[in-house]
Every structure is written in C-alpha cells, then in structure tokens.
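Quick one: sequence plus predicted model below, questions after.
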Amino acid sequence: MTGRDDVRSEIREFLASRRARITPEQAGLPVYGGNRRVAGLRRAEVAMIAGVSPDYYVRLERGNLSGVSDSVLDALARALQLDEAERAHLFDLARATNTASRPRRRPAAQRVRPGVQQLLDAMTDAPAFVRNGRLDVLAANRLGYALYSPMFDGPARPANHARFTFLDRRSTEFYPNWDDAANTAVAILRTEAGRDPYDRGLTDLVGELSTRSDEFRTRWAAHNVRLHQTGLKHFHHPVVGELSLNFEAMPLPADPGLTMTAYSAQPGSTSEDALRLLASWAATQEEAPAEPTRNDA
C-alpha cells in the first residue's frame with residue numbers, strides 16, 4: 001500500500017467515525033418513526049448539513065479530499081461538530097492527500113540545539129523536557145530526568161512516552177490515571193500521523209505498539225486526536241509518591257516538530273513539597289543519562 005493509499009484510508013475511517021458519533025438529535029434534525037440502520041448520521045444528512053451534494057460527500061468519505069477548498073472543509077467540520085484538534089487534523093489530511101505520493105522516509109536525526117539545552121538546564125525548579133511528534137524525549141533537565149526516572153531506566157534511547165505507557169508494566173502505577181495517559185499518547189501520535197503520514201519512524205512505532213499491545217491497538221482504531229498544550233497531570237513517583245503538576249507544552253518555532261514541556265506545582269501544595277524532595281533526590285543521583293547522539297528511532 002502506498003503512502004497516498006494510507007492517507008485515503010485514514011480520511012475514510014476518520015470521517016466515518018466522526019459521523020457515527022453524532023445522533024440526528026445532536027445535529028438538530030427531525031427524527032421520524034422506524035428503525036435507522038446507522039447509529040449516527042447518514043451520509044446524506046451530513047451532506048445536507050454541510051451544503052454539498054450526497055454524491056460529493058460520498059466521494060469525500062471515500063478518502064478523496066484532493067482539491068477540496070477550505071470553505072468545504074470548514075463546512076464539513078461544522079457538520080461533523082469537530083473540535084479544534086479534529087478540525088486541524090482534517091485540514092492536515094487534506095494537505096497530505098494533495099501532496100504528491102512519495103515513499104515513506106526515514107526521519108532525519110533530530111538534535112536539540114545547545115541553546116535549548118541551556119534553557120532546560122536553567123529551569124532548576126521545574127521538570128522539563130523536549131520531545132518530537134513521535135513522543136521521543138530528545139532532551140531534559142535534571143529534574144525532568146528525575147520525574148520520569150522509570151521511563152529512563154531502560155537502555156533504549158531515545159526514551160519514548162508511548163513505549164513506556166503501553167509496554168512497561170510500571171506505567172500503570174506511575175500514572176494513577178493510566179487510561180487518560182494512554183488516550184493522550186495515542187491521540188498525539190494520531191495527530192502527528194495526519195501532519196506527516198510519510199514518517200517511517202512513526203509508522204514503525206505504530207506497527208510495533210499495535211502488534212505488542214491490545215490497549216494501544218484498540219485506541220488507535222478510534223481515530224481520536226487531541227491538542228496537548230496545557231493541563232494537570234498526576235504521577236505516582238517511586239521515590240516521592242503522589243504529584244499533581246500543571247504543565248505547559250510549547251512548540252519550538254526554530255525547531256519545527258519539537259515541543260518543550262515544563263511542569264510546575266501549585267504553591268504551598270503537597271506536590272510542591274514532593275517536587276522539592278525530588279530535586280534533592282536528583283542531586284544525589286549519578287549524572288543524568290547521557291543525551292543520545294542519534295535520535296532516528
């Protein structure tokens with residue numbers, strides 16, 4: 001199957017899954033007696049709401065977004081009640097289908113610039129790290145390594161959030177809200193697949209996780225996407241116990257595809273005390289794991 005075929009398949013399954021979740025009542029359509037063959041909206045109903053012909057919508061849901069205008073995509077997003085992340089994903093898929101088909105490529109090695117590492121190291125009171133769209137951790141500060149110490153225990157580099165979540169049994173204890181952590185990891189990977197469907201490293205990662213984890217495979221089939229920019233995360237750290245930390249995820253404009261995430265605790269909270277204890281513990285440990293010289297997994 002070519003990359004273009006994969007994009008068409010993703011479009012087809014994404015649109016069908018979004019259509020299936022919306023009832024006529026939610027769409028503001030009248031419901032008459034009789035049994036409906038579909039739980040969600042019919043294709044003709046989506047077409048009517050979006051203001052396109054039924055035949056045209058069928059073409060779109062078959063995965064053909066080639067040449068579709070932004071106004072039609074906007075109408076489709078409104079008809080399917082897409083949120084911000086889903087709308088962006090739809091536009092990413094449209095761009096991908098308009099790109100000339102090309103073979104999947106091995107990603108170029110990604111390195112964190114010295115200035116970014118200096119910024120990380122200057123953040124002595126906040127755990128922080130830099131990741132790519134495949135959830136590889138490319139760099140961190142000392143407190144970031146300490147917070148995610150179970151993930152960095154293994155020899156594989158770069159450490160990967162998704163592999164740790166789905167393939168390391170300790171993740172279910174590390175993340176008290178494991179389901180949310182798992183859903184978030186998959187949604188980020190699905191979002192990245194829409195942005196760059198020709199990334200062989202991402203395809204290989206998804207294939208590995210799908211083969212080795214039923215939990216991942218089920219979530220991947222749901223086609224959910226999510227913006228992961230700010231929020232609250234809960235941890236059960238093996239050394240300091242419970243932590244509830246606010247996070248901010250910030251794209252690095254000079255390094256496309258890379259995101260810096262930093263955590264902070266509410267002032268005066270038990271999590272702030274635990275974070276101080278974690279910093280003390282980190283200071284007693286050996287030097288943080290060496291940064292990988294090659295990050296092309």
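That came through, no problem.

Describe which strands the longest strand belonging to the chain pairs with in its sheet and in which direction.
The longest strand of the chain (DSSP state E) is strand 241-251. According to DSSP bridges, strand 241-251 has the following sheet partners: strand 230-237 (antiparallel), strand 259-264 (antiparallel).

For the shortest one, give the mean pLDDT please.
If you average the pLDDT over strand 259-264, you get 98.

and what of stretch 237-252?
Mean predicted confidence for stretch 237-252 is 97.

From Thr230, how far off is Met250?
As for Met250, its distance to Thr230 is 10 Å (criterion: C-beta to C-beta, to the nearest Å). From N, CA and C alone the C-beta is placed, and that goes for glycine too.

Is the closest residue to Phe14 other than its chain neighbours in a helix, a strand, or coil?
Spatial nearest neighbour of Phe14, excluding adjacent residues (C-beta to C-beta, 6 or more residues apart in numbering): His223 at 4.8 Å. Three-state assignment for His223 (DSSP: H, G, I helix; E, B strand; the rest coil): coil.

State the distance from His223 to Ala75.
His223 sits at a distance of 20 Å from Ala75 (criterion: C-beta to C-beta).

Now do the helix or strand Tyr57 falls within: distance to the chain's middle.
In the assignment (DSSP states H and E), Tyr57 maps to helix 54-61. Put simply, helix 54-61 sits 28 Å off its chain's centre (C-alpha atoms, centre = their mean, to the nearest Å).

the helices in the stretch 101-250 of the chain, which residues?
Ranges of helices within the stretch 101-250 of the chain are 114-122, 142-147, 149-152, 161-167, 171-174, 178-195, 200-212, 214-220, based on DSSP state H, counting those that start in this stretch.

okay, Arg106: pLDDT?
Arg106 is given a pLDDT of 59.

Turn the helices of the stretch 101-250 of the chain into TSV, including mean neighbour count.
Formatted as TSV, the helices of the stretch 101-250 of the chain follow (neighbours: other C-beta atoms under 10 Å):
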stretch	mean neighbour count
helix 114-122	14
helix 142-147	24
helix 149-152	19
helix 161-167	22
helix 171-174	17
helix 178-195	20
helix 200-212	16
helix 214-220	16
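
Of all the ones you listed, which one is nearest Arg87?
helix 178-195 (11.3 Å; C-beta to C-beta).

angle of that closest one against strand 259-264?
Put simply, helix 178-195 runs at 160 degrees to strand 259-264, going by axes from the mean of the first three to the mean of the last three C-alpha atoms, to 10 degrees.

buried sites along stretch 244-256?
Within stretch 244-256, the residues scored as buried using 16 or more other C-beta atoms under 10 Å are Ser244, Leu245, Phe247, Asp255.

hang on, the earlier thing: pull the residues that contact the helix holding Tyr57.
11-12, 15-16, 19, 43-44, 46-48, 50, 52, 68, 76 (C-beta atoms under 8 Å, 6 or more residues apart in numbering).

Could you export it as CSV, CA atoms only?
Listed next in CSV are the C-alpha coordinates belonging to helix 54-61 (Å, rounded to 0.1, in the frame of the first residue of the first chain):
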residue,chain,number,x,y,z
PRO,A,54,-24.7,13.5,-1.3
ASP,A,55,-22.6,12.2,-4.2
TYR,A,56,-19.9,14.7,-3.4
TYR,A,57,-19.9,13.8,0.3
VAL,A,58,-19.6,10.1,-0.6
ARG,A,59,-16.5,11.0,-2.6
LEU,A,60,-15.0,12.8,0.4
GLU,A,61,-15.7,10.0,2.8
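
Which residues belonging to it are considered buried?
By 16+ other C-beta under 10 Å, the buried positions in helix 54-61 come out as Tyr57, Leu60, Glu61.

What of stretch 226-241?
Arg226, His228, Lys233, Phe235, His237, Val240.

Repeat that for stretch 87-104.
Using 16+ other C-beta under 10 Å as the test for burial, stretch 87-104 gives Arg87, Ala88, His89, Leu90, Phe91, Asp92, Leu93, Ala94, Ala96, Thr97, Arg104.

Cool, thanks, signing off.
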